[in-house]
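1. Mind folding the following:
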Amino acid sequence: MDSQPELPIPISYVSGRYLLHSIEAVTYLRREHHICGVLIGTLPQIPQQNVFLGLPLELMPEEARLLVDKDVACIVDEAKAQKGMNNLLEEDRRRYLRELEAEGLHYTRLQVDLKDSKREQTMKKLEEKKAKAGAKAKAVAAAAAAQTQTSEGAAPKSSMKDAAVVDLFAPDDTRSSSPATSTPSQSAMAITPATSYPPLPTPPSSTHLAAPAVPPSYPLFAHLHSRGYFLSPGLRFGCQYMAYPGDPLRFHSHFLVVSYDWDQNIDLMDLIVGGRLGTGVKKGFLIGGAQRTIDEVDSEADRVDTVRAFSLEWAGM
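-> Sure, this is the predicted structure:
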């Protein structure tokens with residue numbers, strides 16, 4: 001899917017979480033801006049599923065902040081935006097419902113066409129199977145008739161039985177003709193919209209929420225992201241982030257990432273544990289943070305530009 005959604009992309013703020021409900025927005029951000037997020041949606045029938053999750057996509061505050069800083073996305077208070085549904089004009093509501101019905105009818109036709117195609121393939125295989133069985137029965141009957149025929153008179157009873165066998169397995173033109181199938185109902189498939197925009201218009205910039213608050217590790221996160229890395233939560237490996245050299249669907253992560261303040265004391269045991277863990281799972285242990293000078297830097301953007309990072313690896317293991 002190569003379509004680009006309209007910018008800025010609205011990120012729904014719901015109960016302290018930053019969510020994306022549009023598949024177009026999810027694929028665009030992953031392809032163009034290296035934002036992966038975490039799928040958290042489950043099926044209503046399988047609320048305990050934990051392997052194949054779907055929309056919505058939850059973003060880390062760092063990911064949402066990065067997109068806002070780049071003017072790619074905006075933060076929308078979804079609870080307030082939903083109240084605008086009551087103010088939606090009746091004509092706009094009807095037009096949107098008609099669009100949903102047309103979309104549902106389109107997918108219904110695609111489903112009917114797929115079923116017809118599968119039915120035709122099945123009938124073709126059955127006809128081929130019948131033809132092979134008939135040819136085999138004819139060959140057996142001909143061989144039996146040649147062996148049992150003793151005179152030029154009427155065919156013996158055995159050949160008559162063979163003929164009956166041949167008629168039994170021969171393809172029946174009447175049965176092989178296209179069977180009368182009931183035309184499936186063309187009622188439109190129900191479409192459940194996953195996004196609020198549309199039908200609601202994109203909220204104006206005056207109603208956008210402030211940029212998300214981020215942890216002190218944000219400068220390191222933004223620094224690695226600017227270097228082309230894909231970053232995901234690192235809880236499963238006991239770190240803050242996992243850094244991938246490309247899309248996580250194609251690459252294993254290269255670094256376990258932990259952020260420190262510039263003047264923070266680092267326990268030597270933390271370095272040893274991180275280095276041994278990274279080496280044990282074939283990854284580097286990367287630490288870093290925003291460099292502070294005598295003139296304390298207040299700008300978050302300046303902090304991102306002054307990040308320094310170091311990686312540790314155990315040799316000989």
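2. What average pLDDT does stretch 219-232 get?
-> The average pLDDT within stretch 219-232 is 95.
3. Please parse the chain into its domains.
-> Taking automatic domain parsing as the criterion, the chain consists of the domains 1-88+200-214, 90-176, 215-317.
4. between those, which gets nearest to I191?
-> Ranking the domains of the chain by proximity to I191 (C-beta to C-beta) places domain 90-176 first, at 4.6 Å. All C-beta spots, glycine's among them, are computed from the backbone N, C-alpha and C.
5. Mean confidence (pLDDT) on that closest one, please.
-> On average, domain 90-176 scores 74.
6. can you give me the helices in the stretch 201-317 of the chain?
-> 218-226, 268-280, 300-305 (DSSP state H, counting those that start in this stretch).
7. Now tabulate those in CSV and tack on mean neighbour count.
-> Listed next are the helices of the stretch 201-317 of the chain as CSV, based on neighbours: other C-beta atoms under 10 Å:
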stretch, mean neighbour count
helix 218-226, 23
helix 268-280, 15
helix 300-305, 15
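8. Which of the domains of the chain sits closest to A190?
-> Nearest to A190, of these and by C-beta to C-beta, is domain 90-176 at 6.1 Å.
9. thinking again about what came up before, let me have the domains of the chain in CSV, adding distance to T192 as columns.
-> Output for the domains of the chain, formatted as CSV (distance: least, C-beta to C-beta, whole Å):
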stretch, distance to T192
domain 1-88+200-214, 11
domain 90-176, 9
domain 215-317, 27
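10. one step back: can you tell me which of the helices of the stretch 201-317 of the chain is nearest to G104?
-> Of all the helices of the stretch 201-317 of the chain, helix 218-226 comes closest under C-beta to C-beta, at 39.1 Å.
11. chain center to that closest one, what's the gap?
-> 25 Å (C-alpha atoms, centre = their mean, to the nearest Å).
12. go on, stretch 133-146?
-> Taking mean C-alpha positions (C-alpha atoms, centre = their mean), stretch 133-146 and its chain are 55 Å apart.
13. CA atoms only: put it into PDB for me.
-> Coordinates of each C-alpha in stretch 133-146 appear next as PDB, following Å, rounded to 0.1, in the frame of the first residue of the first chain:
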ATOM      1  CA  ALA A 133     -11.800 -43.000 -14.700                       C
ATOM      2  CA  GLY A 134     -13.800 -43.500 -17.900                       C
ATOM      3  CA  ALA A 135     -10.700 -43.900 -20.000                       C
ATOM      4  CA  LYS A 136      -9.300 -46.500 -17.600                       C
ATOM      5  CA  ALA A 137     -12.600 -48.400 -17.500                       C
ATOM      6  CA  LYS A 138     -12.700 -48.500 -21.300                       C
ATOM      7  CA  ALA A 139      -9.200 -49.800 -21.500                       C
ATOM      8  CA  VAL A 140     -10.000 -52.600 -19.000                       C
ATOM      9  CA  ALA A 141     -13.200 -53.500 -20.800                       C
ATOM     10  CA  ALA A 142     -11.500 -53.600 -24.200                       C
ATOM     11  CA  ALA A 143      -8.800 -56.000 -22.800                       C
ATOM     12  CA  ALA A 144     -11.300 -58.200 -21.200                       C
ATOM     13  CA  ALA A 145     -13.400 -58.400 -24.400                       C
ATOM     14  CA  ALA A 146     -10.400 -59.400 -26.400                       C
END
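14. Output the helices of the stretch 201-317 of the chain in a markdown table, with distance to S311 appended to each entry.
-> Listed next are the helices of the stretch 201-317 of the chain as a markdown table, based on distance: least, C-beta to C-beta, whole Å:
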| stretch | distance to S311 |
| --- | --- |
| helix 218-226 | 11 |
| helix 268-280 | 8 |
| helix 300-305 | 19 |
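15. Go through the chain and flag its longest helix.
-> As assigned by DSSP state H, the longest helix anywhere in the chain is helix 90-148.
16. Which neighbouring elements make contact with that helix?
-> Applying 3 or more C-beta pairs under 8 Å, 6 or more residues apart in numbering; DSSP states H and E, we find helix 90-148 packed against helix 157-169.
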